[in-house]
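Asker: Below: sequence and its predicted model.
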Amino acid sequence: MNIQNATVLITGANRGIGLAFARAALARGARKVYAGARNPASVELPGVEPVRLDVTDAAQVAATATRCGDVTLLINNAGIARAGGWLAPNAVELAREQFETNVVGPLRLSQAFAPVLAKHGGGAILNVLSVASWISSPGLAAYGATKSAAWSLTNGLRHELRAQHTQVLGLHMGFVDTDLTRGFDLPKSSPDDIVARAFDALEAGDEEVRADAITEQVKLGLSAQPGVYLNVLAR
Ligand SMILES: NC(=O)c1ccc[n+]([C@@H]2O[C@H](COP(=O)([O-])OP(=O)(O)OC[C@H]3O[C@@H](n4cnc5c(N)ncnc54)[C@H](OP(=O)(O)O)[C@@H]3O)[C@@H](O)[C@H]2O)c1
(Lines give C-alpha, C1' and ligand atoms only; values in the text may rest on other atoms or scores of the structure.)
Protein backbone atom coordinates (compact mmCIF):
# COMPACT_ATOMS: atom_id res chain seq x y z
CA MET A 1 0.00 0.00 0.00
CA ASN A 2 1.08 3.60 -0.47
CA ILE A 3 1.70 5.82 2.53
CA GLN A 4 0.73 8.84 0.49
CA ASN A 5 -2.88 9.73 1.36
CA ALA A 6 -3.07 6.90 3.92
CA THR A 7 -4.66 7.50 7.31
CA VAL A 8 -2.30 5.98 9.83
CA LEU A 9 -2.67 4.96 13.48
CA ILE A 10 0.58 4.20 15.32
CA THR A 11 0.55 2.78 18.84
CA GLY A 12 3.28 4.08 21.15
CA ALA A 13 3.94 7.02 18.85
CA ASN A 14 5.26 9.44 21.46
CA ARG A 15 8.86 8.16 21.40
CA GLY A 16 11.31 5.65 19.96
CA ILE A 17 10.42 3.71 16.82
CA GLY A 18 6.77 4.82 17.01
CA LEU A 19 7.83 8.46 16.83
CA ALA A 20 10.05 7.63 13.83
CA PHE A 21 7.03 5.99 12.15
CA ALA A 22 4.95 9.12 12.76
CA ARG A 23 7.64 11.41 11.30
CA ALA A 24 8.12 9.15 8.27
CA ALA A 25 4.37 8.84 7.63
CA LEU A 26 4.08 12.63 7.50
CA ALA A 27 7.16 12.88 5.26
CA ARG A 28 5.68 10.31 2.84
CA GLY A 29 2.46 12.28 2.51
CA ALA A 30 0.01 10.51 4.82
CA ARG A 31 -3.36 12.25 4.86
CA LYS A 32 -3.66 11.94 8.64
CA VAL A 33 -1.51 10.45 11.40
CA TYR A 34 -3.09 9.42 14.69
CA ALA A 35 -0.37 9.21 17.35
CA GLY A 36 -1.48 6.70 19.97
CA ALA A 37 0.02 7.28 23.43
CA ARG A 38 -0.78 6.35 27.00
CA ASN A 39 -0.33 10.03 27.79
CA PRO A 40 -1.42 12.14 24.80
CA ALA A 41 0.38 15.17 26.29
CA SER A 42 3.66 13.35 25.63
CA VAL A 43 3.09 13.59 21.86
CA GLU A 44 5.15 16.60 20.77
CA LEU A 45 5.43 16.05 17.01
CA PRO A 46 3.62 18.80 15.06
CA GLY A 47 1.10 17.66 12.43
CA VAL A 48 -0.17 14.50 14.14
CA GLU A 49 -3.37 13.96 16.12
CA PRO A 50 -2.69 12.57 19.61
CA VAL A 51 -5.01 9.79 20.77
CA ARG A 52 -5.12 8.41 24.31
CA LEU A 53 -4.42 4.71 23.84
CA ASP A 54 -3.13 2.17 26.31
CA VAL A 55 -3.08 -1.03 24.26
CA THR A 56 -3.84 -3.12 27.36
CA ASP A 57 -7.10 -1.23 27.96
CA ALA A 58 -9.95 -2.87 25.99
CA ALA A 59 -12.27 0.14 26.44
CA GLN A 60 -9.65 2.55 25.08
CA VAL A 61 -9.00 0.28 22.09
CA ALA A 62 -12.73 0.15 21.29
CA ALA A 63 -13.07 3.93 21.70
CA THR A 64 -10.10 4.47 19.37
CA ALA A 65 -11.65 2.28 16.66
CA THR A 66 -14.81 4.39 16.86
CA ARG A 67 -12.97 7.72 16.87
CA CYS A 68 -10.45 6.77 14.17
CA GLY A 69 -12.90 5.17 11.74
CA ASP A 70 -10.95 6.42 8.71
CA VAL A 71 -7.74 4.45 9.41
CA THR A 72 -6.23 2.62 6.44
CA LEU A 73 -2.91 1.63 8.06
CA LEU A 74 -2.60 0.27 11.60
CA ILE A 75 0.93 0.10 13.02
CA ASN A 76 1.14 -2.12 16.12
CA ASN A 77 4.35 -0.69 17.53
CA ALA A 78 3.85 -0.25 21.30
CA GLY A 79 5.90 -2.73 23.27
CA ILE A 80 7.80 -3.33 26.47
CA ALA A 81 10.89 -5.38 27.29
CA ARG A 82 11.60 -6.58 30.81
CA ALA A 83 15.00 -8.03 31.68
CA GLY A 84 15.18 -11.51 33.15
CA GLY A 85 15.38 -15.25 32.48
CA TRP A 86 12.76 -18.01 32.77
CA LEU A 87 14.01 -19.12 36.18
CA ALA A 88 13.87 -15.69 37.82
CA PRO A 89 11.43 -15.63 40.77
CA ASN A 90 9.23 -13.02 39.06
CA ALA A 91 9.30 -14.66 35.60
CA VAL A 92 5.56 -15.44 35.59
CA GLU A 93 4.56 -11.87 36.45
CA LEU A 94 6.96 -10.39 33.90
CA ALA A 95 5.76 -12.81 31.22
CA ARG A 96 2.11 -11.89 31.88
CA GLU A 97 2.85 -8.18 31.73
CA GLN A 98 4.79 -8.45 28.47
CA PHE A 99 2.28 -10.80 26.80
CA GLU A 100 -0.54 -8.39 27.70
CA THR A 101 1.24 -5.49 25.96
CA ASN A 102 3.16 -7.19 23.14
CA VAL A 103 0.65 -9.87 22.08
CA VAL A 104 -2.83 -9.22 23.48
CA GLY A 105 -2.47 -5.51 22.67
CA PRO A 106 -1.87 -6.03 18.92
CA LEU A 107 -4.55 -8.74 18.91
CA ARG A 108 -7.15 -6.37 20.37
CA LEU A 109 -6.14 -3.56 18.00
CA SER A 110 -6.27 -5.88 14.98
CA GLN A 111 -9.72 -7.18 15.92
CA ALA A 112 -11.05 -3.67 16.49
CA PHE A 113 -9.61 -2.25 13.27
CA ALA A 114 -10.24 -5.15 10.87
CA PRO A 115 -13.75 -3.85 10.01
CA VAL A 116 -12.42 -0.28 9.70
CA LEU A 117 -9.75 -1.43 7.23
CA ALA A 118 -12.28 -3.52 5.32
CA LYS A 119 -14.56 -0.50 4.96
CA HIS A 120 -11.75 1.34 3.18
CA GLY A 121 -10.80 -1.42 0.75
CA GLY A 122 -8.42 -3.48 2.88
CA GLY A 123 -5.53 -1.26 3.89
CA ALA A 124 -2.71 -2.72 5.93
CA ILE A 125 -1.49 -3.80 9.35
CA LEU A 126 2.23 -3.46 10.16
CA ASN A 127 3.30 -5.42 13.25
CA VAL A 128 6.58 -4.48 14.88
CA LEU A 129 8.26 -7.78 15.76
CA SER A 130 11.94 -8.54 16.35
CA VAL A 131 14.84 -10.88 15.62
CA ALA A 132 13.81 -12.19 19.05
CA SER A 133 10.84 -13.84 17.29
CA TRP A 134 13.37 -16.43 16.10
CA ILE A 135 16.13 -16.62 18.71
CA SER A 136 16.11 -16.42 22.50
CA SER A 137 18.27 -14.22 24.68
CA PRO A 138 18.75 -15.24 28.33
CA GLY A 139 18.48 -11.64 29.50
CA LEU A 140 15.16 -11.10 27.70
CA ALA A 141 13.60 -14.57 27.82
CA ALA A 142 9.90 -13.76 28.09
CA TYR A 143 10.27 -10.79 25.74
CA GLY A 144 11.48 -13.21 23.05
CA ALA A 145 8.49 -15.46 23.70
CA THR A 146 6.13 -12.51 23.22
CA LYS A 147 7.74 -11.69 19.89
CA SER A 148 7.50 -15.35 18.78
CA ALA A 149 3.81 -15.26 19.69
CA ALA A 150 3.32 -11.92 17.93
CA TRP A 151 4.97 -13.40 14.81
CA SER A 152 2.48 -16.25 14.89
CA LEU A 153 -0.34 -13.76 15.47
CA THR A 154 0.89 -11.82 12.43
CA ASN A 155 0.93 -14.95 10.27
CA GLY A 156 -2.53 -15.99 11.40
CA LEU A 157 -4.01 -12.54 10.89
CA ARG A 158 -2.54 -12.50 7.38
CA HIS A 159 -4.49 -15.65 6.50
CA GLU A 160 -7.72 -14.40 8.03
CA LEU A 161 -7.51 -10.91 6.51
CA ARG A 162 -6.55 -11.97 2.99
CA ALA A 163 -10.19 -12.20 1.93
CA GLN A 164 -10.72 -8.53 2.76
CA HIS A 165 -7.48 -7.55 0.93
CA THR A 166 -5.64 -6.34 4.03
CA GLN A 167 -1.85 -6.47 3.63
CA VAL A 168 -0.18 -7.76 6.82
CA LEU A 169 3.52 -6.94 7.19
CA GLY A 170 5.80 -8.32 9.90
CA LEU A 171 8.85 -6.16 10.71
CA HIS A 172 11.83 -7.96 12.26
CA MET A 173 15.05 -6.33 13.43
CA GLY A 174 17.82 -6.53 16.00
CA PHE A 175 18.83 -3.75 18.34
CA VAL A 176 17.60 -0.24 17.60
CA ASP A 177 18.79 2.90 19.34
CA THR A 178 15.85 3.80 21.60
CA ASP A 179 15.08 3.97 25.34
CA LEU A 180 14.31 0.23 25.20
CA THR A 181 17.97 -0.63 24.54
CA ARG A 182 19.54 2.10 26.70
CA GLY A 183 22.53 0.61 28.50
CA PHE A 184 23.07 -2.20 25.95
CA ASP A 185 26.60 -1.66 24.67
CA LEU A 186 26.02 -3.17 21.20
CA PRO A 187 25.71 -1.98 17.62
CA LYS A 188 22.26 -0.52 17.06
CA SER A 189 20.34 0.63 13.99
CA SER A 190 18.75 4.05 13.89
CA PRO A 191 14.94 4.12 14.21
CA ASP A 192 14.73 6.20 11.02
CA ASP A 193 16.62 3.57 8.98
CA ILE A 194 14.43 0.74 10.28
CA VAL A 195 11.24 2.66 9.57
CA ALA A 196 12.41 3.58 6.06
CA ARG A 197 12.96 -0.13 5.30
CA ALA A 198 9.59 -1.02 6.76
CA PHE A 199 7.73 1.59 4.72
CA ASP A 200 9.64 0.65 1.55
CA ALA A 201 8.55 -2.98 2.11
CA LEU A 202 4.96 -1.95 2.80
CA GLU A 203 4.87 0.11 -0.39
CA ALA A 204 6.37 -2.81 -2.34
CA GLY A 205 3.49 -5.04 -1.18
CA ASP A 206 5.73 -7.30 0.95
CA GLU A 207 4.55 -9.42 3.87
CA GLU A 208 7.81 -9.64 5.83
CA VAL A 209 10.78 -7.31 6.23
CA ARG A 210 14.10 -8.22 7.84
CA ALA A 211 15.47 -4.76 8.41
CA ASP A 212 19.13 -5.41 9.33
CA ALA A 213 22.01 -7.83 8.74
CA ILE A 214 21.74 -9.77 12.03
CA THR A 215 18.08 -10.48 11.40
CA GLU A 216 18.82 -11.66 7.87
CA GLN A 217 21.53 -14.01 9.25
CA VAL A 218 19.31 -15.40 12.00
CA LYS A 219 16.44 -16.05 9.60
CA LEU A 220 18.78 -17.95 7.25
CA GLY A 221 20.16 -19.89 10.23
CA LEU A 222 16.75 -21.29 11.19
CA SER A 223 17.13 -24.09 8.69
CA ALA A 224 20.88 -24.61 9.25
CA GLN A 225 22.21 -27.70 11.04
CA PRO A 226 22.44 -27.06 13.96
CA GLY A 227 19.65 -24.47 13.94
CA VAL A 228 20.71 -20.99 14.95
CA TYR A 229 18.09 -20.97 17.74
CA LEU A 230 20.18 -23.58 19.62
CA ASN A 231 22.53 -20.68 20.37
CA VAL A 232 21.69 -17.61 22.37
CA LEU A 233 21.35 -14.12 20.96
CA ALA A 234 24.46 -12.28 22.19
CA ARG A 235 23.81 -9.26 24.38
N1 LIG B 1 14.61 -0.96 20.36
C2 LIG B 1 14.91 -2.16 19.87
O3 LIG B 1 16.07 -2.63 19.85
C4 LIG B 1 13.81 -3.02 19.29
C5 LIG B 1 14.19 -4.13 18.50
C6 LIG B 1 13.20 -4.95 17.96
C7 LIG B 1 11.88 -4.64 18.18
N8 LIG B 1 11.54 -3.55 18.95
C9 LIG B 1 10.11 -3.29 19.14
O10 LIG B 1 9.83 -1.99 18.65
C11 LIG B 1 8.68 -1.48 19.33
C12 LIG B 1 8.98 -0.08 19.82
O13 LIG B 1 10.07 -0.17 20.73
P14 LIG B 1 11.04 1.07 21.04
O15 LIG B 1 12.42 0.56 20.90
O16 LIG B 1 10.62 2.27 20.30
O17 LIG B 1 10.75 1.21 22.61
P18 LIG B 1 10.61 2.50 23.53
O19 LIG B 1 11.50 3.60 23.06
O20 LIG B 1 10.77 1.97 24.92
O21 LIG B 1 9.09 2.96 23.29
C22 LIG B 1 8.05 2.09 23.61
C23 LIG B 1 6.74 2.75 23.24
O24 LIG B 1 5.67 1.83 23.54
C25 LIG B 1 4.74 2.53 24.37
N26 LIG B 1 3.99 1.62 25.23
C27 LIG B 1 4.45 0.73 26.14
N28 LIG B 1 3.43 0.10 26.75
C29 LIG B 1 2.29 0.61 26.20
C30 LIG B 1 0.91 0.37 26.38
N31 LIG B 1 0.46 -0.51 27.29
N32 LIG B 1 0.03 1.07 25.62
C33 LIG B 1 0.46 1.97 24.71
N34 LIG B 1 1.75 2.27 24.52
C35 LIG B 1 2.66 1.58 25.25
C36 LIG B 1 5.59 3.51 25.16
O37 LIG B 1 4.76 4.49 25.74
P38 LIG B 1 5.15 5.27 27.13
O39 LIG B 1 5.98 6.45 26.71
O40 LIG B 1 3.83 5.63 27.71
O41 LIG B 1 5.91 4.29 27.97
C42 LIG B 1 6.48 4.03 24.05
O43 LIG B 1 5.79 4.94 23.25
C44 LIG B 1 8.36 -2.48 20.44
O45 LIG B 1 7.31 -3.33 20.02
C46 LIG B 1 9.66 -3.26 20.58
O47 LIG B 1 9.45 -4.55 21.10
C48 LIG B 1 12.47 -2.74 19.48
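Answerer: Okay, I see it.

Asker: Tell me where this protein has strands.
Answerer: Under the criterion DSSP state E, the chain contains strands at 7-10, 32-37, 49-52, 73-76, 124-128, 167-172, 208-210.

Asker: Please identify the residues of this protein in proximity to the ligand?
Answerer: Contact residues (C-beta under 6 Å from any ligand atom) of the chain with the ligand: 11-12, 14-18, 38-39, 42, 53-56, 77-81, 101, 128, 130, 173, 175-176, 178-181. To be clear about C-beta, it is placed using only N, CA and C from the backbone, and glycine gets the same treatment.

Asker: Turn the strands of the chain into JSON lines, columns for mean neighbour count and mean pLDDT.
Answerer: Putting the strands of the chain into JSON lines (neighbours: other C-beta atoms under 10 Å; pLDDT from 0 to 100) gives the following:
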{"stretch": "strand 7-10", "mean neighbour count": "27", "mean pLDDT": "99"}
{"stretch": "strand 32-37", "mean neighbour count": "25", "mean pLDDT": "99"}
{"stretch": "strand 49-52", "mean neighbour count": "17", "mean pLDDT": "98"}
{"stretch": "strand 73-76", "mean neighbour count": "30", "mean pLDDT": "99"}
{"stretch": "strand 124-128", "mean neighbour count": "25", "mean pLDDT": "99"}
{"stretch": "strand 167-172", "mean neighbour count": "24", "mean pLDDT": "98"}
{"stretch": "strand 208-210", "mean neighbour count": "19", "mean pLDDT": "98"}
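
Asker: out of the ones you listed, nearest to L161?
Answerer: strand 167-172 (5.9 Å; C-beta to C-beta).

Asker: Who are the packing partners of that closest one?
Answerer: strand 124-128, helix 141-161, helix 191-204, strand 208-210 (3 or more C-beta pairs under 8 Å, 6 or more residues apart in numbering; DSSP states H and E).

Asker: at 10 Å instead, please
Answerer: Under the contact definition 3 or more C-beta pairs under 10 Å, 6 or more residues apart in numbering; DSSP states H and E, strand 167-172 sits against strand 73-76, strand 124-128, helix 141-161, helix 191-204, strand 208-210, helix 213-221.

Asker: Comparing these, which comes out most buried?
Answerer: strand 73-76 (a mean of 30; mean count of other C-beta atoms under 10 Å).

Asker: Relative to the whole chain's centre, how far out is it?
Answerer: 8 Å (C-alpha atoms, centre = their mean, to the nearest Å).

Asker: mind showing which ranges of this structure have poor pLDDT?
Answerer: Filtered on pLDDT under 70, the chain yields the residue ranges 233-235.

Asker: Mind doing that once more with 80?
Answerer: Scanning the chain for pLDDT under 80 picks out the ranges 232-235.

Asker: returning to that earlier point: Serialize the strands of the chain to a markdown table and add fields for distance to A141.
Answerer: Converted to a markdown table, the strands of the chain look like this (distance: least, C-beta to C-beta, whole Å):
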| stretch | distance to A141 |
| --- | --- |
| strand 7-10 | 28 |
| strand 32-37 | 28 |
| strand 49-52 | 32 |
| strand 73-76 | 22 |
| strand 124-128 | 19 |
| strand 167-172 | 18 |
| strand 208-210 | 22 |
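
Asker: Now the terminal residues of stretch 218-225, how far apart.
Answerer: Using C-alpha to C-alpha, to the nearest Å, one end of stretch 218-225 lies 13 Å from the other.
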